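Engineer: quick one, what's the 3D model for this:
(chains A and B)
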Amino acid sequence: MFDLPLTKPLPALTLAFALLASASTAAELVVGMQQEPTSLDPTADATASIDSMMTQNVFESLTTVAENGEVQPNLATKWDVSEDGLTYTFHLAEGVMFHDGSALDAEDVVFSFDRAMGEESVNPSKDIFEPITSVKAVDPQTVEITLSGKDAFFLFNMGQGDSAIVASESAEANNDNPVGSGPFKFDSWTRGDRLTLVKNPDHRDAADVALDKVVFRFISDPAAATAAMMAEELDAFPGFPAPELLPQFEADPRFRVNVGSTEGEVILAMNNAKPPFDNVEVRRAVATAIDRDEIIEGAMYGQAVPIGSFYPPHGTAYVDLTDAYPHDSAKAETMFADAGAAGATMTLRVPPFPYATRSAEIIQNQLAEAGIDAKVENVEWGFWIDEVYKKKNYDMTIIAHTSPNDMGNFARGPDYFYGYDNAEMTALWERIQTEVDSAKRDELLQQGQQMLSDQSVHGFLFQMPLLGVFREGVEGYWTSSPVLYMPLKGVSVAN
Amino acid sequence: MAYFLLRRTLGFVLTLLAVSLVVFAVMNVLPGDPALTILGMDASDDALAALRKQLGLNEPLMTRYLSWVWNALWGDFGLSHSFRVPVSELIAERLPMTISLAVAGMLVTLVLALSLGITAAAQHRRPGDWGVMFLSQLGIAVPAFWLSILLVMLFAVKLRWLPPGGFAGWSDPIAAIRSLILPTVALALVQSAVLARVTRSSALEIMRQDFVRTARASGLSRRRVLWRHVLPNALVPIVTIVGMQFAALVTGTIVIENVFYLPGLGRLIFQSIANRDLPTVQALVMLFAAIVVTANFVVDLLYVVIDPRLKARA
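Structural biologist: Residues are numbered from 1 along each chain as shown, chains lettered A, B, ... in the order given. As a prediction, the model looks like this:
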């Protein structure tokens, strides 16, 4: 960006400043994070950056999820499932210790689940524990969990930060002094600036951990994030905030850019409970009016994969339905007229995220080409979550749904902000949720995608990419994220 | 003088009380549920209800306001909703950063603006004057965040002399000073541009007066006349602006702290508003208001010190 010949005349000064700078030690990784959490307890706060830093690094759960989305053993080295599929017996790894030196046993598992399921619990994903009827410690190494019905996502959910195993002695303080059993220990947190983790030498997999120390630095401004990377203050920015700033890293041999996938579907949500969107023909007209390629080019600088229904393209059950409503402004205009919505005005309430605000302007134009006047209202997050999400007071909005396995939102009926009420979908989700055979479940998930596309419930835009910038020499970071966490166990850095 | 102090103190307290009412009302009238903001879109109703209870959001508004004001009187600003630690602790952690930045910004502003302003006045209608006027016009026109980005690109990315941001505290003073240089310059340049202009016109005003001509005629050097006679008399309007500028510097840290990712109060207030963290926002707005009101108070007192004619009226 800058090429001023100022370095040469001032070698002495440069040297002086260089000497003042502190030298870096071996196997230390400095990671940039856009969002700073307000708490470090993944069982009490939904902020994604908590999971990203803490889950499976500091805290562990019974299972874990691999980069391809597969459930793997973790604190539970194996498990048996009863014939009726309702009772899971988990066998815990031997000799696991919390970071404060106390042993992790079946009682801690019982405590953690009771805490998450209790009346006073503020666990943001309380509903994933709903199918559980009892959690029993059979012996110190064995836990038995009984469900009220079959749950295809149970083992996956047991690998999330919400189901982290914590100790009764330290749970209350996990907020700012987290004590887990993971491969990294919490070291310090300077709010507003940085969080430091150090390697846990007593962990059962300590031999696989290459990093001695990890420092997360919180930088929310995209220009500041770019400068910090360029100045080599950071080794990695696994969730880089601005696609428009990536080309300069791609052009620079010091860095490696990765564009991976996430579980986040970005949709143009329409209020299905409210005219004119209670009419499926109007929704189909909207789908015909929008041009995904133009949206991806303009809002994401080309760095995203289009979706035609509600399912991530990297998933095993994915069907490509992006051609269901080919973009055609003239046809859309006729469709709006036929549905009696010609010349309608409506609002598009947008939360303050760059992907949403940029998409909104482009969609506004595309709707205008089809004769629809959409007013864009940029609102702040607190307003959005209260007015749009909670009170369902909106016509259209743009939002990314980042949870895995969240097609169930469409089965929640009029209670959910989509206002989509379809008994067939609700019944289908019931079957998906209880189908433990993955091939059969994929088939049902495909039916679900087809149904959502046929009904044109929303404008399906694109899958949120995972944009990462890494200094050459940083290896082992996940390139995609099927979950909210980013394991540091396999990450290494060459200094 | 005693009456003046009493009146100003009463004004100070009433202003803060009014601010507290407005802030509380605004934060509670604006749509946005703190529990929902913390727990997110997937939160179950159960969890939301439990968190609302934990945060005391179910109490009537009036009760919440009164207990907040009462506790604040004793220095207790309650628990931060999002960080879940005492707000006073959060503020204590961040205060050194923001104060360091504002004080450093003020010092640089004073040194730059006074010397440039006086130079311009002395060089009236000559190249030195034009140069200062041009630079200050530029300084006023350039937004602080853009200037910050340019400074970072040049001194941190290109030359690698200074860190692009962050502040690890005063335990390592050299590192602390290095981290503060760019943000201080970014903060001070815009303010200096304004102040240099005020200094220049105020000094020109004084230079036209008879006693300056007399001083020059009595054989005093130009430099001596400027620093000994012109500057002290030009200070009254300068002090007014400096008072307002200190307030602007403190609030200006909000932008600067976000661009340079500094852990100060400006970044905290930004984050707290987004998180609907009522107790933290309330305490911070009160603190900023108190700083602004205090700055004005000090300016009023300084008037009296600088200009003895005002003493009688006070």
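Engineer: so the most centrally placed residue in chain B is in which element?
Structural biologist: Centroid-nearest residue in chain B, with C-alpha atoms, centre = their mean: B:Val250, separated by 1.6 Å. Under the criterion of DSSP states H and E, B:Val250 resides in helix B:231-259.
Engineer: which strands and helices sit next to that helix?
Structural biologist: Where contact means 3 or more C-beta pairs under 8 Å, 6 or more residues apart in numbering or on different chains; DSSP states H and E, helix B:231-259 is packed against helix A:222-230, helix B:87-122, helix B:144-151, helix B:173-207, helix B:265-274, helix B:278-306. For every residue, glycine as well, the C-beta is placed using N, CA and C.
Engineer: show me what counts as buried in that helix.
Structural biologist: Buried residues in helix B:231-259, counting neighbours by 16 or more other C-beta atoms under 10 Å in any protein chain shown, are found at B:231, B:233-235, B:238-250, B:252-259.
Engineer: I'd assumed B:Ala289 was in contact with the residue nearest to the centre of chain B.
Structural biologist: No: counting by C-beta atoms under 8 Å, B:Val250 does not reach B:Ala289; the two are 10.6 Å apart.
Engineer: can you pull the pLDDT of the residue nearest to the centre of chain B?
Structural biologist: B:Val250 is assigned a predicted lDDT (pLDDT) of 82.
Engineer: B:Leu61 too?
Structural biologist: Confidence at B:Leu61, expressed as pLDDT, is 85.
Engineer: next one: A:Leu452
Structural biologist: At A:Leu452, the model reports a pLDDT of 97.
Engineer: which residues does it contact?
Structural biologist: Listed by C-beta atoms under 8 Å, 6 or more residues apart in numbering or on different chains, the contact set of A:Leu452 reads A:309-310, A:407, A:410, A:425, A:458, A:460.
Engineer: and it, what element?
Structural biologist: Here A:Leu452 sits within helix A:438-454, counting by DSSP H and E.
Engineer: off-centre distance for that helix?
Structural biologist: Computed by C-alpha atoms, centre = their mean, to the nearest Å, the chain-centroid distance of helix A:438-454 equals 22 Å.
Engineer: before we move on, the earlier item: right, so of the helices and strands packed on helix B:231-259, which gets closest to A:Leu147?
Structural biologist: Of all the helices and strands packed on helix B:231-259, helix B:265-274 sits nearest to A:Leu147, with 37.9 Å by C-beta to C-beta.
Engineer: so A:Thr196, which state does it fall into?
Structural biologist: At A:Thr196 the chain is in strand, as set by DSSP: H, G, I helix; E, B strand; the rest coil.
Engineer: run a quick neighbour tally on it.
Structural biologist: A count of neighbours around A:Thr196, defined by other C-beta atoms under 10 Å in any protein chain shown, yields 18.
Engineer: do B:Arg224 as well
Structural biologist: Using other C-beta under 10 Å, B:Arg224 is surrounded by 12 other residues.
Engineer: and it, how close does it get to A:Pro247?
Structural biologist: To A:Pro247, B:Arg224 is 59 Å away according to C-beta to C-beta, to the nearest Å.
Engineer: now A:Ser168
Structural biologist: 51 Å.
Engineer: more crowded one of these two?
Structural biologist: The neighbour comparison of A:Ser168 against A:Pro247 (other C-beta under 10 Å) goes to A:Ser168, with 14 against 11.
Engineer: next up, phi/psi of that one, please.
Structural biologist: Backbone torsions of A:Ser168, given as degrees, to the nearest 10, read phi -60, psi -30.
Engineer: three-state assignment of the nearest residue to it once chain neighbours are set aside?
Structural biologist: Once flanking residues are discounted, A:Ser168 sits nearest to A:Phe111: 4.8 Å by C-beta to C-beta, 6 or more residues apart in numbering or on different chains. Following three-state DSSP, we place A:Phe111 in the helix state.
Engineer: list the contacts for A:Phe111?
Structural biologist: Here A:Phe111 is in contact with A:166-168, A:171 (C-beta under 8 Å, 6+ apart).
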